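K.L.:
Compute the structure for the input listed below.
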Amino acid sequence: MKIHQLYTSQNLPISLDEAWTFFSEPINLKTITPDYMGFDIISGADQKMYSGQIIEYIVTPIAGIKTSWVTEITHIKDKSYFVDEQRFGPYSMWHHKHFFKEIPGGVKIEDLLHYKLPFGFLGQIIHPILIKSKLQEIFNYREKKLKELFEKPTTK
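P.N.:
Modelled structure (predicted):
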């Protein structure tokens, strides 16, 4: 059983309050997810994030195949971190921690994702070819989108 890990970090020139407000609204996940993922929230995103919240999505990650995905917000420490875990979906395990730290001039956002693929040996074969690069691409998109939303353009 191989558990994979992905870590990302991004600094944004916004307050901790502003970052927390944005990320604690589940509806904003659609904004920072690539359009090609066909990401649609079906239920559970009509309220600000809370422990025990169940959110149901439809995603189309590969070859137009629609997949149901259900996550639960399992832990929250206000303006510090939250955890979402997959309850049903494409992974055998999905545990995603989001950390927020005030830094000079803004906030540091860190993600630590642990995940396990289904299909045993076959899942391990497709991981480096398809899954790892797709996840990195999604997080790269998110970083770019957050820059567009929150960084002020510089003028010369």
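
K.L.:
Please count neighbours and contacts with C-alpha atoms only from this point.
P.N.:
Noted.

K.L.:
now the helices for this structure?
P.N.:
For the chain, the helices defined by DSSP state H occupy 16-23, 120-126, 132-150.

K.L.:
Please identify which of those is closest to residue 80.
P.N.:
Judged by Cα to Cα, the one of these that comes nearest to residue 80 is helix 16-23, at 8.2 Å.

K.L.:
chain center to the closest one, what's the gap?
P.N.:
Its chain's average C-alpha position is 15 Å from that of helix 16-23, according to Cα atoms, centre = their mean, to the nearest Å.

K.L.:
same question, stretch 86-105
P.N.:
6 Å.

K.L.:
Only alpha carbons, please: show that stretch as CSV.
P.N.:
The C-alpha trace of stretch 86-105 is given here as CSV (Å, rounded to 0.1, in the frame of the first residue of the first chain):
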residue,chain,number,x,y,z
GLN,A,86,-12.7,12.1,0.8
ARG,A,87,-15.7,9.9,1.8
PHE,A,88,-16.5,8.6,-1.6
GLY,A,89,-14.7,9.2,-4.9
PRO,A,90,-11.8,8.4,-7.2
TYR,A,91,-9.1,7.8,-4.5
SER,A,92,-8.8,5.0,-2.0
MET,A,93,-7.7,7.7,0.4
TRP,A,94,-7.6,11.5,0.3
HIS,A,95,-6.5,13.6,3.3
HIS,A,96,-5.9,17.3,2.4
LYS,A,97,-4.6,19.7,5.0
HIS,A,98,-4.7,23.5,4.3
PHE,A,99,-2.5,25.7,6.5
PHE,A,100,-2.6,29.5,6.8
LYS,A,101,0.2,31.6,8.4
GLU,A,102,0.5,35.3,8.7
ILE,A,103,3.8,36.5,7.3
PRO,A,104,5.3,39.9,6.8
GLY,A,105,3.3,41.5,3.9
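
K.L.:
buried sites along it?
P.N.:
For stretch 86-105, burial by neighbour count (16 or more other Cα atoms under 10 Å) applies to 86-90, 93-102.
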